[in-house]
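# requesting a structural model of the entry that follows:
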Amino acid sequence: MDLRPAATALLEGEARALLTRLNRVRPFALHETMVPAAAPSAAAQSAIERFLMEERSRLRHRVGAYLEWLDGPGGDRDPEWQQHQFSLLRWEFNSVLSHFDVFSEAVTQRSEHDVGVQLAGLDVAAVDALVTPGTPLADPPPIICYLARGPGGAIRRVHTRIPGGGRSPVSLIRIPRERMVGYGIGSSLVHEVGHQAVAQLGLLGSLRPVLYDIERHAGTAAERSAFRYWGLTLSEVLADLFAVGKLGIGGTLGLMAVVSLPRRLVLAPALDDPHPFPYIRVRLSCAMGDALYPHPQWRQLSALWAALYPPHRAPRELRGLTGILERSMPRFVRLLVGHRPPSLSGARLADLMPRSSRTPALLLAHYRHWVRRPELLRTAPPTLVLAVLGQARAASLIAPEEESRLLGELITHWALSNTLEALSAAAVAPQRGAGLHRYVAPPRGATSHDGAAENRQPIPAHPAKRTR
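Numbering: from 1, shown residues only. Below you'll find the predicted structure:
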């Protein structure tokens, strides 16, 4: 009995049904109800829509070709081969839906009351944290933030693989919902942005060989073990360095809030965890902060962390590891801040940070000035605001309730201001596509008194030649 006609008819119907379902997948722009201030940047929206539309178009073409094949020479092939070809199409269809779902949660949250606008404000802060003139970070990728449960954040960096194949056209940053809205939000956000910076600067590729070389030529087993551990956790360490460098002590305080867990989870490393275990991670964050912005506050905070989680309470077999890592920490920190990756053209990692505007004394001076003139908060760069509020929190100058209120208002302001600037730019640029791909940077102030005259000059190619 010849089953080819029946198989052809069945699979033709299946392919046409698949095509019908594919056509029901509409662009986000046609069914999301977000207010303009909650929308992702035009660059992010267009990158996502183009990516998904190109995938759907490619699949439609393949389904059409399959139907033509069935109507022609494919009708004479055996049913098994016809089914095999259709199963490949169905697999690709499910990949298209998977990609839609990857972005759906982030985009759909922009329709939530208040939450959508706050996420848009965090987009602005994320871009402000990443942009560094004169480096590969001068032109940031599109960034979209979204909320998720759990205590930790995450990032799907631009151009990394996504489920079902393909590469993400934007950076997706997952923010813990528990961080909304308090001082810890800045630390979580800038840490994840740090991962994007590490990738764009190629820091893992330039630093890991240095650590491997130290490990290979170590004079003692303890030194070898320490630098092997630092090499395994380097990605997260660099993201923490970025957070402390941009936010000062606020980066470390936010980290402490995230990793304040039961003692057994803080004092013991987890197998295959790319993060340093929490006790060492906070101590290292304090050491990096002290290297970038020397001040007694770092040693005080480090001692407080050790009092909250006394290291002698760790299991006996792990106390040795803690001691080894702490003894190697000064050398490791000097190596990090003094590293000169090829991507920075001779500059150090420390020079990547806005050190002239993040000293504890200057941050407190900004805070006291802003208390007298609160309207100036709105003109300062978002990461400077987060750093100032974090320093004020460390100095017990601001109550948690007031800090949360201020942050909520400012995050909303960043979203609204960025939206209005983008609309104004589109209105004065009538050429086709104006405003579609252009990203508008966060608002900047004009005077040194409001803290907005932050050092935004390109990093010097040869820092040793600067006037000291």
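
# where does pLDDT dip in the chain?
1, 183, 271, 429-468 (pLDDT under 70).

# can you tell me which helices and strands the helix or strand where residue 393 lies packs against?
Element membership for residue 393 (DSSP states H and E) is helix 382-394. In terms of contacts (3 or more C-beta pairs under 8 Å, 6 or more residues apart in numbering; DSSP states H and E), helix 382-394 is packed against helix 115-130, helix 184-201, helix 234-247, helix 249-259, helix 360-372, helix 400-427. All C-beta spots, glycine's among them, are computed from the backbone N, C-alpha and C.

# list the buried residues in the helix or strand following the first one.
Meaning helix 115-130. Going down the chain from helix 115-130, the next helix or strand is strand 143-148, by DSSP H and E. Neighbour counts over strand 143-148 (16 or more other C-beta atoms under 10 Å) mark 143, 144, 145, 146, 147 as buried.

# closest to residue 135 among those?
Using C-beta to C-beta, residue 143 comes nearest to residue 135 of the buried residues of strand 143-148, at 17.0 Å.

# I'd assumed residue 124 was in contact with that closest one.
No - counting by C-beta atoms under 8 Å, residue 143 stays clear of residue 124, with 9.1 Å between them.

# now the buried residues of strand 143-148 as CSV including distance to residue 293?
Formatted as CSV, the buried residues of strand 143-148 follow (distance: C-beta to C-beta, whole Å):
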residue, distance to residue 293
143, 26
144, 31
145, 27
146, 31
147, 31
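
# ok, back up a step: among the helices and strands packed on helix 382-394, which is nearest residue 292?
helix 234-247 (5.7 Å).

# helices and strands around that closest one, which ones?
helix 184-201, helix 203-216, helix 249-259, helix 278-292, helix 316-338, helix 382-394.

# mind doing that once more with 10 Å?
Applying 3 or more C-beta pairs under 10 Å, 6 or more residues apart in numbering; DSSP states H and E, one finds that helix 234-247 contacts helix 115-130, helix 184-201, helix 203-216, helix 249-259, helix 278-292, helix 316-338, helix 382-394.

# and the next element down the chain from the fifth one?
For helix 278-292, the following helix or strand on the C-terminal side (DSSP H and E) is helix 296-308.

# count of neighbours near residue 34?
19 (other C-beta atoms under 10 Å).

# wasn't it part of a strand?
No - assignment of residue 34 by DSSP: H, G, I helix; E, B strand; the rest coil gives coil, placing it outside any strand.

# OK, contacts around it?
Listed by C-beta atoms under 10 Å, 6 or more residues apart in numbering, the contact partners of residue 34 are 28, 40, 107, 108, 109, 110, 111, 112, 116, 117, 119, 120.

# quick check on the closest residue to residue 328 other than its chain neighbours: phi, psi?
Nearest non-adjacent residue to residue 328, counting by C-beta to C-beta, 6 or more residues apart in numbering: residue 226, 3.7 Å away. Backbone torsions for residue 226, taken as degrees, to the nearest 10, come to phi -60, psi -50.

# how many other residues sit next to residue 226?
25.

# that one reaches residue 214, doesn't it?
Yes - the pair residue 226 and residue 214 qualifies as a contact (C-beta atoms under 10 Å) at a distance of 9.1 Å.

# identify the contacts common to these two.
Residues touching both residue 226 and residue 214 by C-beta under 10 Å, 6+ apart: 328, 331, 332.

# look up how far residue 169 lies from the first one.
Same thing as residue 328. Remark: distance between residue 328 and residue 169 (C-beta to C-beta, to the nearest Å) = 40 Å.

# coming back round to it: out of the helices and strands packed on helix 382-394, which is closest to residue 347?
Of those, the one closest to residue 347 (C-beta to C-beta) turns out to be helix 184-201, at 10.6 Å.

# now the angle from the closest one to helix 382-394?
140 degrees (axes from the mean of the first three to the mean of the last three C-alpha atoms, to 10 degrees).

# what's the angle from helix 184-201 to helix 278-292?
70 degrees.

# just put the helices and strands packed on helix 382-394 in a markdown table and tack on distance to residue 56.
Converted to a markdown table, the helices and strands packed on helix 382-394 look like this (distance: least, C-beta to C-beta, whole Å):
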| stretch | distance to residue 56 |
| --- | --- |
| helix 115-130 | 25 |
| helix 184-201 | 27 |
| helix 234-247 | 34 |
| helix 249-259 | 39 |
| helix 360-372 | 49 |
| helix 400-427 | 27 |
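
# now render these as JSON lines, adding mean neighbour count and distance to residue 209.
Conversion of these to JSON lines gives the following (neighbours: other C-beta atoms under 10 Å; distance: least, C-beta to C-beta, whole Å):
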{"stretch": "helix 115-130", "mean neighbour count": "25", "distance to residue 209": "25"}
{"stretch": "helix 184-201", "mean neighbour count": "26", "distance to residue 209": "15"}
{"stretch": "helix 234-247", "mean neighbour count": "25", "distance to residue 209": "11"}
{"stretch": "helix 249-259", "mean neighbour count": "24", "distance to residue 209": "27"}
{"stretch": "helix 360-372", "mean neighbour count": "17", "distance to residue 209": "35"}
{"stretch": "helix 400-427", "mean neighbour count": "17", "distance to residue 209": "39"}
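
# just give me the closest of the buried residues of strand 143-148 to residue 388.
Nearest to residue 388 out of those is residue 145 (C-beta to C-beta; 21.2 Å).

# need the contact list for that closest one.
40, 106, 109-110, 118-126, 153, 155, 171-175, 185, 189, 192-193.

# got the contact list for the closest residue to residue 109 other than its chain neighbours?
Distances taken as C-beta to C-beta, 6+ apart place residue 146 nearest to residue 109, at 5.2 Å, with adjacent residues excluded. With contacts defined as C-beta under 10 Å, 6+ apart, residue 146 is in contact with 40, 103, 105-110, 115, 119, 122, 172-175, 177.

# from residue 191, how far off is residue 236?
Residue 236 is 8 Å from residue 191, by C-beta to C-beta.

# please apply the same query to residue 68.
As judged by C-beta to C-beta, residue 68 and residue 191 stand 51 Å apart.

# same deal with residue 77?
55 Å.

# out of the shared contacts of residue 226 and residue 214, which end up buried?
Using 16+ other C-beta under 10 Å, the buried members of those are 328, 332.
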